[in-house]
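>>> Generate a structure from the sequence data that follows.
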Amino acid sequence: MINNYIESVFKQFEYYKVLGEKTFAQVTDSALFYQYNEQSNSIASIVKHISGNMLSRWTDFLTTDGEKEWRNREAEFDHDINSREELLNQWNEGWTCLFTALNSINEDNFEQTVYIRNQGHSITEAINRQLAHYPYHIGQIVFIGKMLAGEEWTSLSIPRGDSQKFNGEKFSQPKAKIHFTDEFLKKGKK
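Numbers count the residues shown, from 1 in each chain. So this is what the prediction gives:
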């Protein structure tokens, strides 16, 4: 059960990571830094926040509070990432930290309590908390990317008008146990 849960969590996080990356690939460098107004976040500032959160939550996940003393959450929303390369470096640093921490979870430590802002969480609760948080922000990234790419946008899921065709293809195949992210991730790595 524990291994199945962790494997499923990995796939979910990988799916949302790929959604973000497929969005980055479809927008110009300047679009990564676009802000609708002074109070809104750019794709870059959302990436900075996600990465900052990941580094805080997942560094020494099992042994230290998830809200690290060194974290400066307010600065995560500063608009000071200056290039696509810097954005991708921050993005990947956060994800590497997350996946490293997930790899440290096993049957021996799965019942351990972890803390976020001094509040105890089961490992499942702590993971699920972040599994809700990151997709929320990645949805914002996708929305901004789709808006700025306009007519050049390529759908990240079933394109509008293709639902019937997609379902027809799926139901013409024998039933199979496959996680929906497996197929998506396979396409994302081509």
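
>>> pull the helix or strand with minimum mean pLDDT from the chain.
Ranking every helix and strand in the chain by mean pLDDT, DSSP states H and E puts helix 180-188 at the bottom, with a mean of 60.

>>> Next up, phi/psi of the residue of the chain most remote from its centre, please.
Distance from the C-alpha centroid of the chain peaks at residue 172, with 31.8 Å (C-alpha atoms, centre = their mean). In terms of degrees, to the nearest 10, the main-chain angles of residue 172 are phi -80, psi -10.

>>> Show me what secondary structure element comes after the longest helix anywhere in the chain.
Scanning the chain for the helix with the most residues, using DSSP state H, yields helix 123-149. Downstream of helix 123-149, the next assigned helix or strand under DSSP states H and E is helix 163-171.

>>> circling back to that earlier point, give me the distance between the residue farthest from the centre of the chain and residue 161.
To residue 161, residue 172 is 19 Å away according to C-beta to C-beta, to the nearest Å. Using the backbone N, CA and C atoms, a C-beta is placed for each residue, glycine as well.

>>> Equivalent analysis for residue 2, please.
42 Å.

>>> Can you give me the neighbour number for residue 45?
Counted by other C-beta atoms under 10 Å, the residues lying close to residue 45 total 20.

>>> before we move on, what about the one 4 residues further on?
By the other C-beta under 10 Å criterion, the neighbourhood of residue 49 contains 20 residues.

>>> Report the separation between it and residue 120.
25 Å.

>>> and if you look at residue 129?
12 Å.

>>> Just the residues contacting stretch 152-171, thanks.
The contact list for stretch 152-171, computed with C-beta atoms under 8 Å, 6 or more residues apart in numbering, reads 19, 22, 23, 26, 142, 145, 146.

>>> Same check on stretch 15-28?
Contact with stretch 15-28 is made by 32, 43, 47, 84, 87-88, 91, 95, 134-135, 138, 141-142, 145-146, 148-149, 152-154, 156, 181, 184-185, 188, as judged by C-beta under 8 Å, 6+ apart.
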